[in-house]
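Enquirer: Next come a sequence and a model predicted from it.
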Amino acid sequence: MGTGTGRGTGAAATSTRSRAGWRNWAGTFTARPAREATPASVDELVEAVRGARADGLTVKPVGTGHSFTAAAATDGLLIRPDLLTGIRAIDHAAGSVTVEAGTPLKRLNAALAREGLSLTNMGDIMEQTVSGAVSTGTHGTGRDSASLAAQITALELVTADGEILTCSRDEHPDVFAAARVGLGALGVITAITFSVEPLFFLQAREEPMAFDRVTAEFDALVAENEHFEFYWFPHTGNCNTKRNNRSLGPAAPPHPVSAFIDDELLSNGLFQVVNTVGRAVPATIPAIARISSRALSARTYTDIPYKVFTSPRRVRFVEMEYAVPREALVDTLRELKTMIERSPLRVSFPVEVRTAPADDITLSTASGRDTAYIAVHLYKGTPFRAYFGAAERIFTAHEGRPHWGKLHTRDAAYFAAAYPRFAEFTALRDRLDPERLFANTYLRRVLGD
């Protein structure tokens, strides 16, 4: 097993004046940092942070840019963790893996599988770096297993004073409670220790189902399945459901031809085409949605977790996602459906619904309550403010908490009411970063000055 860059010393961190701007994956935000650094070790990262502080520059690390917000934007020092990758240690007996912060999730998943290990749960894409994914609260769906951040057992980060701080439930537990979903506000994460378990099989069952049936049986579907999610197609009464449950195996993945047809041709290639048509001629969207949703068919397959949880997403889009109390999901979703039906909106992307159990992370969207997530999307380049604004009004009326890495208009005053432990987080930020070395426009809006 290869090792990461660790804490070894070496040449000074690669630091250059920024010649090109930064743009996120969806193209919703850009930035032009004063300079960039690509440290090859933790010591080089410390040097870069201290140098930026001495020069009066703010500091932000950036992963693959999969957040739709400006969480990683900076006009100061942009840190690219491209060389801070790899696995530091695997402890089979303890069931843990320590991984460098810049490691992409797809590389971590593949490396763990080679070792006969797996994360318990994960989201549906794996292009993000591990630090970027946990910092914004990336999650999948699960009855008992929660977000990626909830699987962390220890964190290492560089603080504003250039010190290396390690935290866990036993060491600096106040930092650990907050930094697992830290928004980049408390320091630069350098390594993460995740809880892992022996590799297992998941059986996926995908099945079309009517909207009225899904909502009527939602509680039972969540209770009966380890991982349940569904997509509702606006302008129709049709959904596609997915149930993932553990299996004894053996692996029985989709046939390569059917996998290509379902996952590449239909879910990406044809979906790209119909969205392009819908963006150009919005009046065609309801008819396309009805045809597309009726074309779905059931399928069942079995494979190792990351091959079941994740799927390729090649069609670019913008997204808003809110977490509501699980008991409020059905009412919230029905109100969203009614709003779309009574409006002139034309929505070409399905609405995604997932769940998570309550966790104990200070600013996790599932902090302290069982949660359901509703995500609304639109094809990149499609005007989204009217749709997202109307959806957001519904979500906030049901005590919704927006995903930190997806589009929303909420500010610190809203979050202070939405999160019982919000003041705990901001007090810790005041202690760890009183001069706001890690601040940017987004953090000033959501956390306050």
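Expert: Yep, that arrived. Residues are numbered from 1 along each chain as shown.

Enquirer: can you list the domain ranges for the protein.
Expert: Domain assignment for the chain by automatic domain parsing gives 1-199+411-449, 201-303+315-409.

Enquirer: Format these as JSON lines; extra columns: distance to F309 and mean pLDDT.
Expert: Glycine gets a C-beta too; all of them are placed from N, C-alpha and C. Compiled in JSON lines, those are given as follows (distance: least, CB to CB, whole Å; pLDDT from 0 to 100):
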{"stretch": "domain 1-199+411-449", "distance to F309": "5", "mean pLDDT": "92"}
{"stretch": "domain 201-303+315-409", "distance to F309": "7", "mean pLDDT": "91"}
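
Enquirer: need these in TSV with mean neighbour count, can you?
Expert: Output for the domains of the chain, formatted as TSV (neighbours: other CB atoms under 10 Å):
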stretch	mean neighbour count
domain 1-199+411-449	19
domain 201-303+315-409	18
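
Enquirer: how far does stretch 63-75 stretch from start to finish?
Expert: Start-to-end span of stretch 63-75 (CA to CA, to the nearest Å) is 16 Å.

Enquirer: what's the answer for stretch 243-253, then?
Expert: Across stretch 243-253, the terminal residues are separated by 15 Å (CA to CA).

Enquirer: try stretch 358-371
Expert: Start-to-end span of stretch 358-371 (CA to CA) is 7 Å.

Enquirer: residues in contact with that stretch?
Expert: Stretch 358-371 has contacts (CB atoms under 8 Å, 6 or more residues apart in numbering) with 137, 139, 146-147, 149-150, 177-178, 180-183, 323-327, 355-357, 373, 401-404, 415, 419-422, 424-425.

Enquirer: ok, 7 Å please
Expert: Here stretch 358-371 makes contact (CB atoms under 7 Å, 6 or more residues apart in numbering) with 137, 146-147, 149-150, 177-178, 180-181, 323, 325-326, 355-357, 401, 403, 419-421, 424-425.

Enquirer: So what's the gap between it and the chain middle?
Expert: 15 Å (CA atoms, centre = their mean, to the nearest Å).

Enquirer: what's the answer for stretch 164-184, then?
Expert: Here the centre of stretch 164-184 is set off from its chain's centre by 19 Å, with CA atoms, centre = their mean.

Enquirer: same question, stretch 53-72
Expert: So, by CA atoms, centre = their mean, the centroid of stretch 53-72 is 17 Å from its chain's centroid.

Enquirer: tell me the SS of the closest residue to Y301 other than its chain neighbours?
Expert: The shortest distance from Y301 to any non-neighbouring residue, by CB to CB, 6 or more residues apart in numbering, is to P254 (4.8 Å). With DSSP: H, G, I helix; E, B strand; the rest coil as the basis, P254 sits in coil.

Enquirer: R299 versus P254, what's the distance?
Expert: Going from P254 to R299 by CB to CB, to the nearest Å gives 7 Å.

Enquirer: Likewise for A252?
Expert: 11 Å.

Enquirer: now T64
Expert: Using CB to CB, T64 is found at 30 Å from R299.

Enquirer: now swap in A110 and tell me
Expert: For A110, the distance to R299 - CB to CB - is 24 Å.

Enquirer: can you check W25 too?
Expert: Taking CB to CB, one finds W25 at 29 Å from R299.

Enquirer: residue ranges of the helices in the stretch 101-250 of the chain, please?
Expert: Assigned by DSSP state H, counting those that start in this stretch, the helices in the stretch 101-250 of the chain fall at 105-114, 130-135, 173-179, 211-216, 218-224.

Enquirer: oh, I was asking about the stretch 301-449 of the chain
Expert: In the stretch 301-449 of the chain, the helices defined using DSSP H, counting those that start in this stretch lie at 305-309, 329-341, 385-397, 412-418, 422-432, 441-447.

Enquirer: closest one to V277 among those?
Expert: Minimum separation from V277 across the helices of the stretch 301-449 of the chain (CB to CB) falls at helix 385-397, 18.1 Å.
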